[in-house]
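A.B. asks: generate coordinates for the sequence data below:
(chains A and B)
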There are 2 protein chains.
Amino acid sequence: MKDFTFHTPTEVLFGRRSEERIASLVRKYGGTKVLLHYGGSSAERSGLLPLIRTALAEAGIGCVELGGVVPNPRLTKVREGIDRCRAEKVDFLLAVGGGSVIDSAKAIAYGVPYAGDVWDFFDGKAKATAALPIGAVVTIPTAGSEMSNGCVITNEQGWQKRGYSSGLSRCRFAVMNPERTYTLPPYQTACGAVDILMHTMERYFSPETDMTLTDALAEALMRTVLDATPVVLAEPTDYRHRAQIMWAGSLAHNDLTGCGNVGDWATHHLEHELSALFDVAHGAGLAAVWGSWARYVRTSNPQRFVRFAVNVMGVTNDFADADRTALAGIEAMERFYRSIGMPVSIPELIGRPATAEEIDEMACKCSRGGTSTEGSFRVLAADDLRAIYRAANGE
Amino acid sequence: MKDFTFHTPTEVLFGRRSEERIASLVRKYGGTKVLLHYGGSSAERSGLLPLIRTALAEAGIGCVELGGVVPNPRLTKVREGIDRCRAEKVDFLLAVGGGSVIDSAKAIAYGVPYAGDVWDFFDGKAKATAALPIGAVVTIPTAGSEMSNGCVITNEQGWQKRGYSSGLSRCRFAVMNPERTYTLPPYQTACGAVDILMHTMERYFSPETDMTLTDALAEALMRTVLDATPVVLAEPTDYRHRAQIMWAGSLAHNDLTGCGNVGDWATHHLEHELSALFDVAHGAGLAAVWGSWARYVRTSNPQRFVRFAVNVMGVTNDFADADRTALAGIEAMERFYRSIGMPVSIPELIGRPATAEEIDEMACKCSRGGTSTEGSFRVLAADDLRAIYRAANGE
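C.D. replies: From the prediction side, this is the model:
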């Protein structure tokens, strides 16, 4: 096992009454003027934004607003946010939404105190040394950004989707009321479940395999999501199971499930090129490519996939044929994805097969022009990435 | 499920090389002059204290020392520490040891900025509003104090053992190298395992029973400790399993296993009177009384004990007889305790039965003279507590 650092300073307030404390939390963490950052109109319609505006005003906290964050959040919006924060002397970012909004807020937080262009961080040209403090009010339990140190931004020039991670951007607080997720459309609920599972699986399929407790926690988390997702798709206002998914979303990406392991992350990066090229939902893109990745890499450590099949997917262990058990586990996860309306191939994801040129473009960008590799469970070069895209394309 | 707050700001450095960063962590969290606080001579002999002294000196950090903390740490030593810190203008507490040393450091941290007597916090007469910052170098994985908000101190006047909890005392950092636990005597290793299990069980046996994810994580943690403990008793230098126990110790008491639940804590408080009266090891005291508590309260929610029996202890579920399954789970845990050399009754704990007077005294102190109750899974009055002590006494 690997030495590790675990540092999750985010103060989480979870439950029905958590929203009552938003203004006092902003105040506690030093905010005197916030940028209220959000996506579309749902937070307006639900009454959440009006509630927050009133609470901030009553607490004497200044507030400027920037809505319109879209899924796969854009660099242009980040730059707009940086300009607004500077012009208005904002000292605290309040993100209301899911991973896209929180990620956008994180990028703004890095950009405000930085003299250069914020894309430098995502392009590997600079390291952040400061960031504005951020608080999150989570309405979409998916990305786990509220407790993670990462964010992913899409640069419209060249449609590059890139991540940047630093402890500086960990949210000071996260307010999570499962009731706010009742109105999520089924497709988004399902995408969220996939993303939560994948954040766990990216850490679980590790070349390190002796961190028993971490693996056991990851398995418990995955089983909980597998169990709760069909319930909330059938009954969107089931508080108990909405709560399981929401809390699982945070724990899946705050590094709890990675302590002592080495993450793989190839599936995430394969997906980043899919959503950069086709602007598909991240969760759906992950579901479309994961099975092809798994079949491609499974022989690197068959027992790891056997363990997944048995402990997570409830597959009967065929002790005489590890690969049969491993494949049964992968197929069981694909059946689960299908059962919640998720695609398990590129044609199912985008409505047609990708062209050879599109696959080449994605494999090229994912390997940064063939100069870098992906993954750790198996290290994948450009040709491997192309083979996985092709398999996911039904070739 | 209950609304909850989850806030674990402690920066954990875990692994073989974690100790190299002690001085830089003290510096990072503002320490310029530390009280180096520890127990006996084992940290001296192992080379850990010399290593820390050198690192602090090289970093230009001042250092005064206070060793001699004993198990069930004493108020007298806490007061001595407060005086030393004030006299020497210490601004950071560095605790090297296990729960006793860290708890002692927490009490000192509360006491230094407080004008009154530090026992006021433990006696319910005052609430802490400030505390010196603390860092922990963990050598005994038991109490989870390195990530918890609690501490327990024994007042020699009247041998009262009392706890106090506040987020102010959460350690700024915790350095954990499993190799430092290789030399722990078997008895202490076993006591640690009991305490880790009990920190999880005190939260698991909750009147709230719909926080599925929390329960699943707790079960994963308990199974890991049950699996790892016999391994390290047989092979004390098994890094992998020492690591599981060490990390489990932190996660068992940082509230991860309590999110959405209501803790019970009756077994802990029953034990506090045992160790206050007989000065026994906390883990051994817990093992001696838990089974009697469990049998006494199990009918309050039989299915909770069935779940424990099946999911944690691996008992076959007798669907026709829930109580039979529940009892089999309790007995399986007692067999485990015995197998690692732990007592499962008061006579096994202290070498003789307790007298009727001693039992009356403990029941009286535990219920604060009959004025308060213990527990939440079942609420226990003085008579209930006396009945549990008697059952544990073999009556």
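
A.B. asks: mean confidence (pLDDT) on the host helix or strand of A:H37, please.
C.D. replies: Per DSSP states H and E, A:H37 falls inside strand A:33-38. Mean pLDDT, computed over strand A:33-38, is 98.

A.B. asks: and what of stretch A:233-243?
C.D. replies: Average pLDDT, stretch A:233-243: 97.

A.B. asks: figure out how far that stretch is from the centre of its chain.
C.D. replies: 21 Å (Cα atoms, centre = their mean, to the nearest Å).

A.B. asks: which other residues reach it?
C.D. replies: Residues outside stretch A:233-243 that contact it (Cβ atoms under 8 Å, 6 or more residues apart in numbering or on different chains) are A:14, A:141, A:178-179, A:181-184, A:186, A:189-190, A:227-228, A:231-232, A:340-341, B:1, B:210-212, B:260. (Glycine included, C-beta is placed from N, CA and C.)

A.B. asks: ok, back up a step: what's the following helix or strand after the strand holding A:H37?
C.D. replies: helix A:42-45.

A.B. asks: buried residues in that next one?
C.D. replies: A:S42, A:A43 (16 or more other Cβ atoms under 10 Å in any protein chain shown).

A.B. asks: tell me the first helix or strand C-terminal of that helix.
C.D. replies: Sequence-wise, the next helix or strand downstream of helix A:42-45 (DSSP H and E) is helix A:48-58.

A.B. asks: alpha carbons of the helix or strand that comes right after that next one, as PDB, please.
C.D. replies: Moving toward the C-terminus from helix A:48-58, the next helix or strand (DSSP H and E) is strand A:62-66. The C-alpha coordinates for strand A:62-66 follow below in PDB (Å, rounded to 0.1, in the frame of the first residue of the first chain):
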ATOM      1  CA  GLY A  62     -23.200  41.700  -0.100                       C
ATOM      2  CA  CYS A  63     -24.100  39.600  -3.100                       C
ATOM      3  CA  VAL A  64     -23.500  39.800  -6.800                       C
ATOM      4  CA  GLU A  65     -24.800  37.000  -9.100                       C
ATOM      5  CA  LEU A  66     -23.500  35.000 -12.000                       C
END
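
A.B. asks: ok, A:D120 - how many residues close by?
C.D. replies: The local packing of A:D120 (other Cβ atoms under 10 Å in any protein chain shown) involves 17 other residues.

A.B. asks: quick check: mean pLDDT of the helix or strand containing it?
C.D. replies: Assigned by DSSP H and E, A:D120 belongs to helix A:119-122. Across helix A:119-122, pLDDT averages out at 98.

A.B. asks: packing partners for it?
C.D. replies: Identification of packing neighbours for helix A:119-122 by 3 or more Cβ pairs under 8 Å, 6 or more residues apart in numbering or on different chains; DSSP states H and E yields helix A:99-111, strand A:150-155, strand A:160-165.

A.B. asks: can you give me the end-to-end span of stretch A:156-166?
C.D. replies: 23 Å (Cα to Cα, to the nearest Å).

A.B. asks: sorry, back to before: neighbouring strands of the following helix or strand past the helix holding A:D120 in the sheet, and parallel or not?
C.D. replies: Scanning forward in sequence from helix A:119-122 by DSSP H and E, the next helix or strand is strand A:134-138. Here strand A:134-138 is paired, per DSSP bridges, with strand A:92-97 (parallel), strand A:173-176 (parallel).

A.B. asks: end to end, how far does stretch A:67-84 reach?
C.D. replies: End-to-end distance for stretch A:67-84, by Cα to Cα: 12 Å.

A.B. asks: and it, what's buried?
C.D. replies: For stretch A:67-84, a neighbour-count test (16+ other Cβ under 10 Å) marks A:67, A:69, A:71-75, A:77-79, A:81-82, A:84 as buried.

A.B. asks: run through who's touching that stretch.
C.D. replies: Against stretch A:67-84 from outside (Cβ under 8 Å, 6+ apart): A:35, A:37-40, A:64, A:66, A:90, A:97, A:100-101, A:103-105, A:107-108, A:111-112, A:118-119, A:152-157, A:161, A:275-276, A:279, A:281-282.

A.B. asks: buried stuff in stretch A:124-141?
C.D. replies: A:126, A:128, A:131-141.

A.B. asks: please apply the same query to stretch A:328-344.
C.D. replies: Across stretch A:328-344, burial judged by 16+ other Cβ under 10 Å covers A:328-334, A:336-337, A:340, A:342-344.

A.B. asks: most widely separated two among those?
C.D. replies: A:A328 and A:P343 (20.7 Å; Cβ to Cβ).

A.B. asks: for the residue nearest to A:I350 when sequence neighbours are not counted, list the residues it contacts.
C.D. replies: Spatially, and ignoring its direct neighbours in sequence, A:I350 is nearest to A:F278 (5.0 Å; Cβ to Cβ, 6 or more residues apart in numbering or on different chains). A:F278 makes contact with A:G285, A:L349, A:I350 under the criterion Cβ under 8 Å, 6+ apart.

A.B. asks: other residues contacting the helix or strand encompassing the second one?
C.D. replies: Pointing back at A:L349 there. Assigned by DSSP H and E, A:L349 belongs to helix A:346-350. Residues from elsewhere that reach helix A:346-350 (Cβ under 8 Å, 6+ apart): A:274, A:278, A:280, A:284-285, A:287-289, A:343, A:353-354, A:389, A:392-394.

A.B. asks: report the mean confidence score over that helix.
C.D. replies: Mean predicted confidence for helix A:346-350 is 98.

A.B. asks: now it: how far from the chain's centre is it?
C.D. replies: On the basis of Cα atoms, centre = their mean, helix A:346-350 sits 20 Å off its chain's mean C-alpha point.

A.B. asks: tell me which residues in it are buried?
C.D. replies: Those would be A:I346, A:E348, A:L349, A:I350, for helix A:346-350 by 16+ other Cβ under 10 Å.

A.B. asks: show me which of those residues is closest to B:Q244.
C.D. replies: Distances from B:Q244 to the buried residues of helix A:346-350, taken by Cβ to Cβ, are shortest for A:L349, at 39.4 Å.

A.B. asks: and the closest residue to A:N155 other than its chain neighbours, how far from A:A128?
C.D. replies: Nearest residue to A:N155, sequence neighbours excluded (Cβ to Cβ, 6+ apart): A:L75, at 4.6 Å. Distance check for A:L75 against A:A128: by Cβ to Cβ, to the nearest Å, it reads 16 Å.

A.B. asks: ok, now A:R162?
C.D. replies: Taken as Cβ to Cβ, the spacing of A:R162 relative to A:A128 amounts to 14 Å.

A.B. asks: next one: A:L197
C.D. replies: A:L197 is 29 Å from A:A128, by Cβ to Cβ.

A.B. asks: cool, A:G135 as well?
C.D. replies: 18 Å.

A.B. asks: cool, and A:G283?
C.D. replies: A:G283 is 27 Å from A:A128, by Cβ to Cβ.
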